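S.K.: Sharing a model that was predicted from the sequence below.
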Amino acid sequence: MGGKSASILRGKLAQRRALVVPGCHDALSARVIEAAGFEAVQVSGFGLAGSLLGKPDVGLVEMKDILDRTWDIVHACGIPVMADIDTGGGNALNAAAIAGKLIGMGVAGVNIEDQVFPKRCGHMEGKQVIGAEEMAGKVRAMAATRKRLGMDLIINARTDACAIYGLKEAIRRANVYLQNGADIAFIDGIRTRADIERAVREVKGLLSVNLMDAVSGVKTELVPIPELAQMGVARVSIPVASILVAHRALKRFFEAMRASPTGLLEGQNDWLSSFDEYTGFVGLKEYRRQEDEFLPRATIEEKYAV
């Protein structure tokens with residue numbers, strides 16, 4: 001989709017209707033999010049750390065692995081995908097190089113944050129942030145790359161300063177990043193409805209907020225999406241739900257199976273999708289159709305004994 005998907009996403013964000021962008025942890029979860037009717041999806045750094053390494057989101061995932069998984073997700077989806085490149089892989093030059101790679105991959109947008117590397121999930125304790133000027137340089141370099149390539153890419157500049165220095169400094173940083181080429185500012189760890197309302201008023205551009213898992217909110221008050229839209233919030237991320245849902249489902253299933261007297265869960269169909277439902281979702285029938293169309297008839301007859 002490339003630049004087209006970025007333009008689509010740009011138009012949706014400009015409406016300031018609290019576009020919900022759930023996080024995915026792999027290509028399958030991205031496709032499930034798309035099938036549920038969401039209009040865009042973001043790659044969850046928290047989810048990647050869990051799904052790839054079984055580790056917390058504290059900067060352990062290599063950038064190559066982030067880009068490889070992002071490629072998989074972009075090509076599994078028909079909706080715009082936002083990447084998550086954490087702190088940008090180094091300094092402004094590294095961030096610019098990664099922006100160029102993302103544009104080539106067909107990514108619609110990207111989150112970059114002003115934490116000190118190694119970063120950590122925005123709702124964890126112990127965060128540190130770099131200077132606003134250094135982060136502004138990263139954003140400016142990414143915007144310059146976008147311009148040089150003549151392609152669109154939504155730059156979502158995240159600040160983690162709220163938890164460290166307070167909302168006033170987070171708003172100041174958000175405005176600095178917008179002035180340097182960011183398309184939308186993301187104040188992570190914002191606390192209350194009143195804080196969100198203030199940020200919408202004082203941030204001179206589009207604002208994104210993070211409701212984490214859509215259930216507990218973690219550190220941010222859970223404000224209904226229609227109310228966030230009325231405030232003028234442009235984007236709402238739900239970044240960690242997919243990996244938390246997967247973790248609980250896997251944990252419950254295998255604990256129940258281990259505890260079963262027979263070692264099985266015979267007849268308990270609510271635990272999982274049926275084999276036919278799952279293979280239908282991932283497109284097995286289409287692959288069989290392509291085999292029939294393109295493989296020699298003798299090969300088909302041998303494979304399937306038809």
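M.R.: Received, thanks.
S.K.: so what secondary structure elements neighbour the one helix or strand R146 maps to?
M.R.: In the assignment (DSSP states H and E), R146 maps to helix 132-149. For helix 132-149, the packing partners by 3 or more CB pairs under 8 Å, 6 or more residues apart in numbering; DSSP states H and E come out as helix 92-105, strand 109-113, strand 154-159, helix 167-179. Where you see a C-beta, it was placed from the backbone N, CA and C, and this is true even at glycine.
S.K.: so which of the ones you listed gets nearest G37?
M.R.: Closest approach to G37 among those is made by strand 109-113 (19.4 Å; CB to CB).
S.K.: Can you list the strands that that closest one pairs with?
M.R.: Strands that pair with strand 109-113, judged by DSSP bridges, come out as strand 81-84 (parallel), strand 154-159 (parallel).
S.K.: okay, now the residue nearest to D72 when sequence neighbours are not counted: neighbour count?
M.R.: Leaving aside its chain neighbours, D72 sits nearest to A27 (4.5 Å; criterion: CB to CB, 6 or more residues apart in numbering). Close neighbours of A27, defined as other CB atoms under 10 Å, add up to 18.
S.K.: Quickly note the distance from A27 to E291.
M.R.: Distance of A27 to E291, computed by CB to CB, to the nearest Å: 22 Å.
S.K.: and what of Q115?
M.R.: From Q115 to E291 the distance is 48 Å (CB to CB).
S.K.: The two: who's more crowded?
M.R.: Set side by side, Q115 and E291 show more neighbours around Q115, with 23 against 13, by other CB under 10 Å.
S.K.: which residues does the residue nearest to the more buried one when sequence neighbours are not counted contact?
M.R.: Once flanking residues are discounted, Q115 sits nearest to D160: 5.1 Å by CB to CB, 6+ apart. Taking CB atoms under 8 Å, 6 or more residues apart in numbering as the criterion, D160 is in contact with E113, D114, Q115, G122, K127, V129, D188, G189.
S.K.: How about R10?
M.R.: Contacts of R10 (CB under 8 Å, 6+ apart): D152, I154, D183.
S.K.: The last one contacts I154, correct?
M.R.: Yes: under the contact definition of CB atoms under 8 Å, D183 touches I154, with a separation of 4.9 Å.
S.K.: which residues are common contacts for these two?
M.R.: R10, L13, G109.
S.K.: Tabulate those in TSV, adding columns for pLDDT.
M.R.: Listed next are the shared contacts of D183 and I154 as TSV, based on pLDDT from 0 to 100:
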residue	pLDDT
R10	98
L13	98
G109	98
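S.K.: picking up where we left off before, ok, the residue nearest to D72 - contacts?
M.R.: Here A27 is in contact with R69, D72, I73, H75, A76, C77 (criterion: CB under 8 Å, 6+ apart).
S.K.: Which ones among those residues map onto helices?
M.R.: R69, D72, I73, H75, A76 (DSSP state H).
S.K.: ranking those by neighbours, who comes first?
M.R.: I73 (26 neighbours).
S.K.: Spit out the contact partners of that one.
M.R.: I73 touches C24, D26, A27, A30, V41, V43, V81, counting by CB under 8 Å, 6+ apart.
S.K.: mind redoing it with 6 Å?
M.R.: I73 makes contact with A27, A30, V43, V81 under the criterion CB atoms under 6 Å, 6 or more residues apart in numbering.
S.K.: Out of those residues, list just those in strands.
M.R.: Using DSSP state E, the subset of the contacts of I73 located in strands is V43, V81.
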